[in-house]
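A.B. asks: Sequence and predicted model, in that order:
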Amino acid sequence: MSAALPGPATLSWRDWLLTDTPASRAQAAWGRRYRLWRDFRANTLATGGLVVAVVLIALTLAAPWLATHDPGVQELANRLQPPSMAHWLGTDELGRDVFSRLLYGGRVTLGMVVAVVLMVAPLGLAIGCVAGYAGGALDRVLMRVTDVFLAFPRLILALAFVAAIKPGVTSAIFAIALTAWPPYARLARAETLTIRGTDFIAATRLTGASATRIVFCHVAPLCLPSLVVRVTLDMSSIILTAASLGFLGMGAQPPSPEWGAMIATARRFILDQWWVPTIPGIAIFVASLSFNLLGDGLRDVLDPKQR
Amino acid sequence: MRGRLRALAGTLASVPITLFGLVLVTFFIGRVMPVDPVLAIVGDRATQDVVEQTRLELGLDRSLPVQFLIYLGKLAHGDLGRSVMTSHTVVADISRFFPATMELATAAILIAVLIGVPLGVLAAVKQGTRIDHTIRVICLAGHSIPIFVLALLTLLVFYATLGIAPGPGRQDVVFEDMVPAVTNLLTVDALIAGDWGAFRDALAHLAQPAGVLAYFSMAYIARMTRAFMLDALSGEFIITARAKGLPAARVIWRHAFGNIAVRLVTVLALTYAGLLEGAVVTETVFSWPGLGQYLTVSLLNADMNAVLGATLVVGVTYLGFNLLADVLYRLLDPRVR
């Protein structure tokens, strides 16, 4: 191939990334990232998942500019319309524009997911690393607590919590977070147990590093790849739990355009105006599927032994 | 063998602690959270005397630890309190609704195994081909579709449009109370009574919700089967079996599958537990009078005794299935020391 001819003396950025003799730590790190990215790109389904997820997030962020109507304005003369030029995805039972509500609803649904993940992942990582590194009584107590929370199906515990507090987005976020952290703690602990015995940790300890420093600067970062995989795969189940809470009337409350709640209010029209409840359903499906595909691809790249 | 038994004893010893934790969590949801249990029972128009009286009856004037001990004592006698909504005891309600959920979950897991296991084996044997990718997408879709959307769509297609499936509920009005209740599993009861019409009706009503529920579990079972099979198929004993010239079907089903069957049994136990969660949502869509519908209706009526009782029962069942998975794995798989 002609492209293989040695070019001018300058190295292309690709050669710089892929060199076997990196000149600096940064170069080696970026080279590794680039190789991972290449492996990831080779997986068409996963790349598709990434693209769809990014597009969905961009769409919901840009909702105020993209929405064709105000998501709250009712037009009772125009209720339950099929998709048309005026209303791209039709109107719901109060004559509100479904397309605009879908965009704003994505903010609620995806916002809930982000909030849950931001709360749960660091917490689970910290608990798991501390338990795994400390061992002994602390480990046993922490893992026992984890077991108790793992002993409830996620949706049911979340339902009971939300019912006791007050149905709404905030309590739904806390309820899902409460049920979502144990698997992360388990995972981080398992990783920590293998890392704890390695030579480089022993060397760090010999140099006088404190336990806190070892856990948070040396152990925790190494748990990150498997945690990221788990988070991505979990995103879809968090989306489904949030939507189920909304559907059962325990999550976002009706005027709010949350996807699950939209289906709940429109479900009585399934037999005649099937598209009204189906369209938010498709949105949930697409969001959840994209995160599943993405997580699946990430696992193959970051965590090959899990394959 | 000794080591195995000791590990088993360790697992069993942890059960009471986890159970205690379960009870503690449900107790705290019920008592510490801002819903006032007195108001829920007497309503907000009651006089001060009635409110005070109820508060004393519920033991709410005592300290929290004492209340917890009383709660534990009642629990030990099988007393979960009374449901405000149905005015029956929660235990009576649950024993009426639970069989319906078990029937649904059992039917779902049967369907899921019958489809999921062959799909998983097929995907593993055809690894990397178009068949494998198709099965992977089918499974991921099963993980991604909200179960209530799938349920609504099947009602739309099979009930409303094609008219080949019965509507929501467990049986037709015609058959209501026609078959003597023995197990409260309608299909089984109909068989015991020898009433074929009732059996066919119950089965037809079961098919849709069970099918919807099965899709989700099928996806998980197929995925796990594929992973286990890939592992088994790369073993040296498979190469030997192939080199001996054994037929492919025998190598796959007898040699490879035989090796993963034990691990699959544990996956099944876990899946069964997971079905309880899906059952909650499925039951509300299909008006299936099971534990899930009981739970959601109680939730909407702020009937906390019923909610906590149902939550606790689900938690204990879940724990039981997890334990079963663990015990089966330890007992059946000789590789676990």
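C.D. replies: Received it, and whenever you're ready, just let me know what you need. Residues are numbered from 1 along each chain as shown, chains lettered A, B, ... in the order given.
A.B. asks: ok, residue 264 - how many residues close by?
C.D. replies: Using chain A here. Residue A:264 has 22 neighbours, counted by other CB atoms under 10 Å in any protein chain shown. Any C-beta I mention is one placed from the backbone N, CA and C, and that applies to glycine too.
A.B. asks: should've been chain B
C.D. replies: Around residue B:264 there are 20 residues (other CB under 10 Å).
A.B. asks: do residue A:17 as well
C.D. replies: 19.
A.B. asks: tell me the contacts of the closest residue to residue A:153 other than its chain neighbours?
C.D. replies: Nearest residue to residue A:153 in three dimensions, chain neighbours excluded: residue B:277, at 3.8 Å (CB to CB, 6 or more residues apart in numbering or on different chains). For residue B:277, the contacting residues are A:153-156, by CB atoms under 8 Å, 6 or more residues apart in numbering or on different chains.
A.B. asks: Of those, which pair is most distant in space?
C.D. replies: A:154 and A:156 (7.3 Å; CB to CB).
A.B. asks: What's the per-residue pLDDT of the residue nearest to residue A:153 here?
C.D. replies: Note on residue B:277: pLDDT of 78.
A.B. asks: Please identify the helix or strand for it.
C.D. replies: Counting by DSSP states H and E, the element that carries residue B:277 is helix B:258-286.
A.B. asks: Need the residues that contact the first helix or strand past that helix going along the chain.
C.D. replies: Along the chain past helix B:258-286, the next helix or strand (assigned with DSSP H and E) turns out to be helix B:291-300. Contacts to helix B:291-300, defined as CB under 8 Å, 6+ apart, come from residues A:156, A:159, A:163, A:248-250, B:83, B:85, B:93-94, B:97-98, B:100-101, B:276, B:279-284, B:287, B:306-307, B:310-311, B:313-314.
A.B. asks: What of stretch B:151-163?
C.D. replies: The contact list for stretch B:151-163 (CB under 8 Å, 6+ apart) reads A:263, A:267, A:270-271, A:274, A:277-278, A:281, B:164-168, B:208-209, B:211-212, B:281-282, B:285-286.
A.B. asks: Show the buried residues in the residues you listed.
C.D. replies: By neighbour count, with 16 or more other CB atoms under 10 Å in any protein chain shown, the contacts of stretch B:151-163 hold A:263, A:267, A:270, A:274, A:277-278, A:281, B:165-166, B:168, B:208-209, B:211-212, B:281-282, B:285-286 as buried.
A.B. asks: what's the longest helix in chain B?
C.D. replies: helix B:196-233 (DSSP state H).
A.B. asks: packing partners for that helix?
C.D. replies: helix B:90-125, helix B:130-144, helix B:147-154, helix B:186-193, helix B:258-286 (3 or more CB pairs under 8 Å, 6 or more residues apart in numbering or on different chains; DSSP states H and E).
A.B. asks: Is it correct that residue B:60 falls within a strand?
C.D. replies: No. Per DSSP: H, G, I helix; E, B strand; the rest coil, residue B:60 lies outside any strand segment and is coil.
A.B. asks: from memory it sits against residue B:70, does it?
C.D. replies: No. Using CB atoms under 8 Å, residue B:60 is not in contact with residue B:70, being 10.4 Å away.
A.B. asks: And the closest residue to chain A within the stretch 51-200 of chain B, how far from residue B:326?
C.D. replies: Proximity of the stretch 51-200 of chain B to chain A (CB to the nearest CB) peaks at residue B:149, 3.4 Å away. Taking CB to CB, to the nearest Å as the measure, residue B:149 falls 34 Å from residue B:326.
A.B. asks: who's more crowded, the two?
C.D. replies: Taking other CB under 10 Å, residue B:149 and residue B:326 do not tie; residue B:149 has more neighbours (28 against 19).
A.B. asks: if I pick the nearest residue to that one once chain neighbours are set aside, what's in contact with it?
C.D. replies: Using CB to CB, 6+ apart and skipping residues adjacent in sequence, the residue nearest residue B:149 is residue A:281, 3.4 Å away. Residue A:281 sits next to A:259, A:263, B:145-146, B:149, B:152-153 when contact means CB under 8 Å, 6+ apart.
A.B. asks: Chain A versus the most centrally placed residue in chain B, what's the distance?
C.D. replies: Chain B has residue B:276 as the residue nearest its centroid, 2.5 Å off, counting by CA atoms, centre = their mean. Using CB to the nearest CB, to the nearest Å, residue B:276 is found at 5 Å from chain A.
A.B. asks: Let me see the confidence value for residue B:333.
C.D. replies: pLDDT for residue B:333: 71.
A.B. asks: Show the pLDDT at the residue lying closest to it once chain neighbours are set aside.
C.D. replies: Distances taken as CB to CB, 6+ apart put residue B:262 closest to residue B:333, at 4.7 Å, once the chain neighbours are dropped. pLDDT for residue B:262: 80.
A.B. asks: Surely residue A:69 forms part of a helix?
C.D. replies: No. Residue A:69 is assigned coil when assessed by three-state DSSP, not a helix.
A.B. asks: Would you check that my belief about it contacting residue A:92 is correct?
C.D. replies: No. Assessed by CB under 8 Å, residue A:69 is found out of contact with residue A:92, at 11.3 Å.
A.B. asks: Comparing those two, which residue is more hemmed in?
C.D. replies: Neighbours around residue A:69 and residue A:92, counted as other CB under 10 Å, are more numerous at residue A:92. The numbers are 25 against 18.
A.B. asks: what's near enough to touch that one?
C.D. replies: Applying CB under 8 Å, 6+ apart, we find residue A:92 in contact with A:79-80, A:98, A:101, A:262, A:265-266, A:276.
A.B. asks: Select from those the one having the most neighbours.
C.D. replies: Compared across the contacts of residue A:92, residue A:262 has the highest neighbour count, 31 neighbours, by other CB under 10 Å.
A.B. asks: Please tell me how far it sits from chain B.
C.D. replies: Residue A:262 is 11 Å from chain B, by CB to the nearest CB.
A.B. asks: Can you classify that residue as helix, strand or coil?
C.D. replies: Assigned with three-state DSSP, residue A:262 falls in the helix class.
A.B. asks: List the residues that contact the residue nearest to it when sequence neighbours are not counted.
C.D. replies: Counting by CB to CB, 6+ apart, residue A:280 is the residue found nearest to residue A:262 once chain neighbours are left out, at 4.2 Å. By CB under 8 Å, 6+ apart, the contact list for residue A:280 reads A:98, A:102, A:105, A:259-260, A:262-263, A:266.
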